[in-house]
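[1] compute the structure for the input listed below.
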Amino acid sequence: MAFELPKLPYANNALEPYISEKTIEFHYGKHHQAYVNNVNNLIKGTAFENATLEEIVLLSDGGVFNNGAQIWNHTFYFMQFAADGCREPKDELKAAIEAKFGTI
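    Just a heads-up that it's a prediction; the model follows:
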């Protein structure tokens with residue numbers, strides 16, 4: 001199974017000023033893509049050639065594990081954001097922060 005860099009659900013500059021377009025281009029466009037390329041090259045001809053990413057993370061080791069886990073980590077990281085996301089926590093999390101620290 002060949003892996004592909006997942007498409008971001010927002011433009012590279014959509015998270016500014018919190019995360020810059022340059023940061024997205026570097027960490028998503030270069031690092032994340034490199035992990036995808038590396039794992040695709042490393043799994044050719046191995047027992048992981050047709051494995052899912054989750055199977056690679058759970059069952060592999062060495063370079064296959066390291067690159068597969070980085071794909072998973074980076075995907076999880078980048079997909080948690082939204083261009084129109086909330087600017088502060090809500091409900092129970094907000095109440096807990098305010099109870100502990102007085103304000104957001």
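
[2] out of everything not next to it in sequence, what's closest to residue 35?
    residue 70 (4.2 Å; Cβ to Cβ, 6 or more residues apart in numbering). In this view, the C-beta of every residue, glycine as well, is placed from N, C-alpha and C.

[3] in which helix or strand does that neighbour reside?
    helix 62-79 (DSSP states H and E).

[4] again, but for residue 55
    helix 53-59.

[5] which helices and strands does the helix holding residue 70 pack with?
    Helices and strands touching helix 62-79, by 3 or more Cβ pairs under 8 Å, 6 or more residues apart in numbering; DSSP states H and E, are helix 33-43, helix 53-59.

[6] deepest of the ones you listed, which one?
    Mean neighbour count (mean count of other Cβ atoms under 10 Å) peaks for helix 33-43 among those, with a mean of 18.

[7] how close does residue 57 sit to residue 25?
    26 Å (Cβ to Cβ, to the nearest Å).

[8] and residue 97, by the same measure?
    For residue 97 relative to residue 25 (Cβ to Cβ), the value is 32 Å.

[9] check residue 43 too.
    From residue 43 to residue 25 the distance is 26 Å (Cβ to Cβ).

[10] for the residue nearest to residue 35, grab the count of nearby residues.
    The tally of other residues near residue 70 (other Cβ atoms under 10 Å) stands at 18.

[11] contacts only, for it.
    31-32, 35 (Cβ atoms under 8 Å, 6 or more residues apart in numbering).

[12] then residue 27?
    Contacts of residue 27 (Cβ under 8 Å, 6+ apart): residue 74.

[13] kindly report the same for residue 60.
    If you count contacts by Cβ under 8 Å, 6+ apart, then residue 60 has 48, 51, 68 around it.

[14] could you redo the last one with a cut-off of 6 Å?
    By Cβ atoms under 6 Å, 6 or more residues apart in numbering, the contact set of residue 60 is residue 48.

[15] how about residue 78?
    Residue 78 neighbours (Cβ under 6 Å, 6+ apart): residue 28.

[16] cheers, nothing more for now.
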